[in-house]
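**Student:** no sequence on this one, just coordinates:
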């Protein structure tokens, strides 16, 4: 059994990885076109539907959003 000398996963050593970068011309790795549909965390090619992560989404920490639509329960006696 071989053991690796690498201590852990280093994303900088993994080489090229496709990402959508804002304020740059982004060519699709699938079809080569430049029409994108931009979401919050992904950009999708408008022609072949290849999805790429946004480079800006890795800079912002993920925060859970909690929205409560119900009214608070108040225990009161109802008069008849």
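**Tutor:** Thanks, I have it. This is a predicted model, so every value here is computed, not measured.
**Student:** state whether residue 26 is indeed within a strand.
**Tutor:** No - using DSSP: H, G, I helix; E, B strand; the rest coil, the secondary structure at residue 26 is coil, not a strand.
**Student:** contacting residues for it?
**Tutor:** Residue 26 makes contact with 20, 34, 36, 43, 52 under the criterion CB atoms under 8 Å, 6 or more residues apart in numbering. The C-beta positions use only the backbone N, C-alpha and C, and glycine is treated the same way.
**Student:** and the gap between the closest residue to the last one other than its chain neighbours and residue 54?
**Tutor:** Read it as residue 52. Excluding its sequence neighbours, the residue lying closest to residue 52 (CB to CB, 6 or more residues apart in numbering) is residue 20, at 4.5 Å. Distance of residue 20 to residue 54, computed by CB to CB, to the nearest Å: 5 Å.
**Student:** overlap in contacts of these two?
**Tutor:** Residues touching both residue 20 and residue 54 by CB under 8 Å, 6+ apart: 38, 42, 43.
**Student:** which residues does the last one bridge with?
**Tutor:** Residue 43 forms beta bridges with residue 38, residue 52, as assigned by DSSP bridges.
**Student:** which pLDDT does the model give it?
**Tutor:** Model confidence at residue 43, given as pLDDT, is 95.
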